[in-house]
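Student: this one's sequence-less:
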């Protein structure tokens, strides 16, 4: 962008054409789908004599072909949407379970660290007693369990 010339105020920006893998060159002309065009206020009721006219039949069949092409294209988009929606649901479930695991693992690691750090302050007259060993063992089990599950979950 730094190499390009500065635009004048009244100058229209150049149109950039972006092409994705989903763009289809043979897509249906959007002009055939517009509503409220020049002929929108014409009387559209057909009589039997109109339907027997060869030109009317050809026009109706052409419109039918366009609508069938639109329908096919929309079915493809619907299938792509359902596939993307399913992928989105799977990834969302994976993220939420991963987030839950991370929170639980962090809490277990924190609690284990606190219990191990709390052990020296639970000494009675500088000598350990049963509560000290219980707190220390629970803290070590929590730390080891947290670290082990972290490594096992990485796959």
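Tutor: The structure has been received and is ready for your questions. All values derive from a computational prediction rather than experimental measurement. Numbers count the residues shown, from 1 in each chain.

Student: Any stretches of this structure with poor pLDDT?
Tutor: Residue ranges of the chain with pLDDT under 70: 1-44, 155.

Student: Could you rerun that using 50?
Tutor: Filtered on pLDDT under 50, the chain yields the residue ranges 1-2, 18-19, 21.

Student: Now for residue 116: which residues touch it?
Tutor: By C-beta atoms under 8 Å, 6 or more residues apart in numbering, the contact list for residue 116 reads 136, 139-140, 143. C-beta: built from backbone N, CA, C; applies to glycine.

Student: Helix or strand: which one has it?
Tutor: Element membership for residue 116 (DSSP states H and E) is helix 54-118.

Student: okay, which residue is most central for the chain?
Tutor: residue 88 (4.7 Å; C-alpha atoms, centre = their mean).

Student: From the chain's centroid, how far away is stretch 145-155?
Tutor: 28 Å (C-alpha atoms, centre = their mean, to the nearest Å).

Student: And that stretch, what's buried?
Tutor: residue 146 (16 or more other C-beta atoms under 10 Å).

Student: contacting residues around that stretch?
Tutor: Contacts of stretch 145-155 (C-beta under 8 Å, 6+ apart): 101, 105, 108-109, 112.

Student: Next, format the residues you listed as JSON lines and append neighbour count.
Tutor: Shown next, in JSON lines, are these (neighbours: other C-beta atoms under 10 Å):
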{"residue": "101", "neighbour count": "13"}
{"residue": "105", "neighbour count": "16"}
{"residue": "108", "neighbour count": "18"}
{"residue": "109", "neighbour count": "17"}
{"residue": "112", "neighbour count": "20"}
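
Student: and those residues as TSV, adding distance to residue 149?
Tutor: Shown next, in TSV, are the contacts of stretch 145-155 (distance: C-beta to C-beta, whole Å):
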residue	distance to residue 149
101	8
105	6
108	8
109	10
112	12
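
Student: From the contacts of residue 116, list the buried ones, please.
Tutor: 136, 139, 143.
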